[in-house]
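Undergrad: pasted the sequence and its predicted model underneath.
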Amino acid sequence: MLLNCDLGESFGSWTMGEDELAMAHIDLANIACGFHGGDPLVMQRTLALAKQYGVRIGAHPSYPDRQGFGRRSMALSPTELIADLHYQIAALTGMAKVQGLQVEYVKPHGALYNDMMANESVFVSVLQAITQYDSSLKLMILAGNNTENYSELAAKQGISLLLEAFADRRYTDVGTLTPRNQAGSVLTKAEMLEQVQQLVSEGTVQTQGGQTLPLKADTLCVHGDNLEAVNAIIEIRALCAR
């Protein structure tokens, strides 16, 4: 299973994450495009790291919410959202071109990701933005109960999907991620490794309510926020390689 990680989220004098250490152990880098994190220099450096380690790259756009790190939902019109996505994807693809790299997919960040998975109209706007920009770009979405419906919507727009599971998040009984403000929504390291093992070996995860949820995923989201998280990536990589 391919490992993906959100990277390039530092900006200015504010530093976030162990990007270089994480980059050495992943397959896909979701690179921030400036609206929740990232700036031109950070994008340039993150792209250079991806090139150095042979990691495939994707755009990681968000709502225009740097102060809230893209974690606050915003009621944008479809026209506004599509323009914001074009702006961010274009920024990353342009900077990638300078280094001889090609952006392969789009993974929305934070509240935009959650809204896309909960609201079909937002999902369709994201599809339209990608179709208008470059329909060869794939869209990364949450693997779960809505996969078949969303796959049909994407196919109508000529967009291929990458289905994503999360290593460190607890799932609800209906296949969504447990909200971060609820106890137990983020797994301990031991729980995370157990969930990854179950996902890799059985194709299922244990939900918040104790149910066994089938989960078909192409890629697994991991995090490189600190040294402990990077060490967890290394252990997850070993589990996925078995």
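TA: Here it is on my side, so go on. Quantities reported herein were computed from a predicted structural model and do not represent experimental measurements. Numbering: from 1, shown residues only.
Undergrad: CA-only coordinates of stretch 115-122 in CSV, if you can.
TA: This file holds the C-alpha atoms of stretch 115-122, laid out as CSV (Å, rounded to 0.1, in the frame of the first residue of the first chain):
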residue,chain,number,x,y,z
ASP,A,115,-16.8,19.0,3.4
MET,A,116,-16.0,17.3,0.1
MET,A,117,-16.8,13.9,1.6
ALA,A,118,-20.0,15.1,3.4
ASN,A,119,-21.5,17.4,0.7
GLU,A,120,-21.9,16.1,-2.8
SER,A,121,-22.1,19.6,-4.2
VAL,A,122,-18.7,20.5,-2.8
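Undergrad: off-centre distance for that stretch?
TA: Centroid separation between stretch 115-122 and its chain, computed with CA atoms, centre = their mean, to the nearest Å, is 15 Å.
Undergrad: cool, and stretch 146-155?
TA: Put simply, stretch 146-155 sits 18 Å off its chain's centre (CA atoms, centre = their mean).
Undergrad: show me the contacts for the residue positioned nearest the centre of the chain.
TA: Closest to where the C-alpha atoms of the chain average out (CA atoms, centre = their mean) is Lys107, at 4.7 Å. Contact analysis of Lys107 by CB atoms under 8 Å, 6 or more residues apart in numbering lists 4, 6, 30, 58-60, 113, 139-140, 162, 164. C-beta: built from backbone N, CA, C; applies to glycine.
Undergrad: which one (most neighbours) among these?
TA: Counting neighbours by other CB atoms under 10 Å, the top entry in the contacts of Lys107 is His60, with 33 neighbours.
Undergrad: biggest helix in the protein, by residue count?
TA: When the chain is parsed with DSSP state H, its longest helix is helix 78-98.
Undergrad: would you confirm that Glu120 contacts Glu152?
TA: No. The pair Glu120 / Glu152 is not scored as a contact, 11.1 Å apart, by CB atoms under 8 Å.
Undergrad: look up phi and psi at Leu213.
TA: Main-chain torsions, Leu213, degrees, to the nearest 10: phi -110, psi 120.
Undergrad: and it, how many neighbours does it have?
TA: Residues near Leu213, counting by other CB under 10 Å, number 19.
Undergrad: same thing with Asn145?
TA: Per other CB under 10 Å, the neighbour tally for Asn145 reads 15.
Undergrad: cool, and Lys138?
TA: So Lys138, with other CB under 10 Å, has 18 neighbours.
Undergrad: got it, and Asp65?
TA: 18.
Undergrad: that one and Asp84 touch, don't they?
TA: No. The criterion here is CB under 8 Å, and Asp65 misses it with Asp84 at 10.4 Å.
Undergrad: what is in contact with the two at once?
TA: Taking CB under 8 Å, 6+ apart as the contact rule, Asp65 and Asp84 both touch Phe35.
Undergrad: hmm, back to that, tabulate the contacts of Lys107 (CSV), appending secondary structure and distance to Arg72.
TA: As requested, these are exported to CSV (DSSP: H, G, I helix; E, B strand; the rest coil; distance: CB to CB, whole Å):
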residue, secondary structure, distance to Arg72
Asn4, strand, 23
Asp6, strand, 17
Asn30, strand, 19
Gly58, strand, 22
Ala59, strand, 20
His60, strand, 17
Tyr113, helix, 13
Leu139, strand, 22
Met140, strand, 21
Leu162, strand, 25
Glu164, strand, 22
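Undergrad: from those residues, pick the one nearest Arg180.
TA: Top of the list for closeness to Arg180, among the contacts of Lys107 and by CB to CB, is Tyr113 at 12.6 Å.
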